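# Compute the structure for the input listed below.
(one chain, ligands or ions: 2)
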Amino acid sequence: MIVLGIETSCDETAAAIVRRFDDKSDNQRAGQGEILSNIVLSQIEDHAAYGGVVPEIAARAHVEALDGIIKRAMLEANVTFEQLDGVAATSGPGLIGGVLIGLMSAKAIAAVHNIPLIAVNHLEGHALTARLTNDAPFPHLLLLVSGGHSQILLVKGVSDYERWGTTIDDALGEAFDKTAKLLGLPYPGGPEVEKAAKNGDPKRFDFPRSMKGRDGYDFSFSGLKSAVRREAEKTAPLSDTDVNDLCASFQAAICDILADRINKALLAFKQRFPHLDSPQLIVAGGVASNQAIRATLYAILQKHEAELIAPPIALCTDNGAMIAWAGAERLALGLTDPLNTTARPRWPL
Ligand code: KG4
Ligand code: ZN
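Ligands and ions are numbered 1, 2, ... in the order given. Here you go, the predicted structure:
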């Protein structure tokens, strides 16, 4: 099964071709996937001057770039439209202008070539990526941390999710981006904060660990961001060392909060599924590329004799392969969508 995937929900114009091996084939790779091409055009430079994504600029850039990106994905995969079994596009959640552009393009391809359309929830794209790169049977736990979302989910199957926890204010990527901005670091802030933190002292500032020790699995990051602002104002003018120490202390607080929540979630998961030998936690979304966060999660998972699955960094940030793959997983179950499917700015999993 060969699927074209299109992603335009934020500031990446992306298209990819992914193959999913038939569930029933004798092939040892039954149910597994292979990326035939994965083209991502970042708009970061278009938005950098504004310190964040400007929806109108993003939508115009998608219109200009998308046709060429799809063509490149097809050429690189050496696949023709006639060979496609389906076309998948992010249909939400995201910036509505961009989502519409990707979805309309997918609908046009589906209509002209008479192939199924798969309207993919962007979050499901992140959630299922680990099944493209690893052996990740259901059920498993998922920590989804991106620019717009911070959630702990129980993944029971394709299209079958139980949300255990979410953020009550900022998303984790948003907290990284806002903290970077207030410290004068460029956009997108996550990788910049991580870079600065590597040279900083994580113990210099004692930032709050919101929600730590509380019942449930929710997150809260806005108090932490405000605490960084207060310390930055007190310490100003900031030297490079101050910025590095603020970033390191901020990141250490994040790691502590994640450790607390994931520890609790794993205990509950193991209680609910005692028959599973090695419970799995999948970490997905742009923030999952943070090495300090990955190291924290590895340590906890080792304690629980559980397995951490973290997709390669290029597949953690937004890309077309994750949408093509989620499309292929849905298509394999017959989950296709009509051509009058609408784009959804909000769409919880
Ligand atoms: O998943 P993604 O590419 O787009 C969304 O769906 O939101 O995630 C982007 C977010 C941004 O907030 C970015 O700052 C954050 O992921 N991010 C990171 C790192 N790389 C990207 N945050 C922390 N550390 C990183 N290394
Ligand atoms: Zn994303």
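# residues in contact with Leu123?
Pro93, Leu144, His149, Gln151, Trp347, Pro348, Leu349 (Cβ atoms under 8 Å, 6 or more residues apart in numbering). (Glycine included, C-beta is placed from N, CA and C.)
# What about the spatially closest residue to the first one that is not a sequence neighbour? Give its phi and psi, please.
Spelled out, it's Pro93. Closest residue in space to Pro93, ignoring its immediate chain neighbours: Trp347 at 4.5 Å, by Cβ to Cβ, 6 or more residues apart in numbering. Listed backbone geometry of Trp347 is phi -160, psi 90, with angles given as degrees, to the nearest 10.
# So what's the predicted local confidence for Trp347?
Turning to Trp347, the model gives it a pLDDT of 93.
# In contact with it, which residues?
Contacts of Trp347 by Cβ under 8 Å, 6+ apart are Ser91, Gly92, Pro93, Asn121, His122, Leu123.
# So what sits opposite the second one in the bridge?
Here Gly92 sits in beta bridges with Asn121, going by DSSP bridges.
# so who does it touch?
Ser9, Val99, Asn121, His122, Ala343, Arg344, Pro345, Arg346, Trp347.
# same question, the third one
Going by Cβ under 8 Å, 6+ apart, Pro93 touches Ser9, Asn121, His122, Leu123, Gly148, Arg344, Pro345, Arg346, Trp347, Pro348.
# Secondary structure element for the fourth one, which one?
Under the criterion DSSP states H and E, the helix or strand holding Leu123 is helix 122-133.
# That helix and ligand 2, are they touching?
No: on the criterion Cβ under 5 Å from the ion, helix 122-133 is out of touch with ligand 2, staying 5.5 Å away.
# can you list the residues of the chain near ligand 1?
10, 146-148, 173, 176-177, 188-191, 194, 285-287, 289-290, 317-318 (Cβ under 6 Å from any ligand atom).
# same for the helix or strand containing Phe250, what does it pack against?
Per DSSP H and E, Phe250 falls inside helix 240-272. Applying 3 or more Cβ pairs under 8 Å, 6 or more residues apart in numbering; DSSP states H and E, one finds that helix 240-272 contacts strand 140-145, strand 150-157, strand 160-166, helix 172-182, helix 189-198, helix 222-235, helix 291-303.
# can you state the direction angle for whichever helix or strand comes after that helix and helix 291-303?
Using DSSP H and E, the helix or strand that follows helix 240-272 in sequence is strand 280-284. For strand 280-284 against helix 291-303, the angle by axes from the mean of the first three to the mean of the last three Cα atoms, to 10 degrees is 170 degrees.
# list the contacts for whichever residue of the stretch 201-349 of the chain sits closest to ligand 2?
Nearest residue of the stretch 201-349 of the chain to ligand 2: Asp318, at 4.4 Å (Cβ to the ion). Neighbouring residues of Asp318 by Cβ under 8 Å, 6+ apart: Glu7, Ser9, Cys10, Glu12, Ala14, Val40, His122, Gly286.
# For the second one, what are phi and psi?
The phi and psi torsions at Ser9 (degrees, to the nearest 10) take the values phi -80, psi -10.
# From Leu154, how far out is it?
Distance of Ser9 to Leu154, given as Cβ to Cβ, to the nearest Å: 24 Å.
# same thing with the fifth one?
Relative to Leu154, Ala14 is positioned 28 Å away (Cβ to Cβ).
# Who has more neighbours out of the two?
Ala14 (31 against 19; other Cβ atoms under 10 Å).
# Look at the more buried one and tell me its secondary structure.
strand (DSSP: H, G, I helix; E, B strand; the rest coil).
# isn't Leu144 right up against Leu153?
Yes: under the criterion of Cβ atoms under 8 Å, Leu144 makes contact with Leu153 at 6.4 Å.
# so Gly200 sits right up against Ala252, yeah?
No: contact status for Gly200 versus Ala252: not in contact, 9.3 Å apart, counting by Cβ under 8 Å.
# What is the neighbour count of the single nearest residue of the stretch 1-150 of the chain relative to ligand 1?
Nearest residue of the stretch 1-150 of the chain to ligand 1 (Cβ to the nearest ligand atom) works out as Gly147 at 2.7 Å. A count of nearby residues for Gly147, using other Cβ under 10 Å, gives 24.
# and if you look at Asp22?
12.
# OK, contacts around the residue nearest to Pro188 when sequence neighbours are not counted?
Leaving aside its sequence neighbours, Pro188 sits nearest to Asp177 (Cβ to Cβ, 6+ apart; 5.9 Å). Neighbouring residues of Asp177 by Cβ under 8 Å, 6+ apart: Gly52, Gly147, Tyr187, Pro188, Gly189, Gly190.
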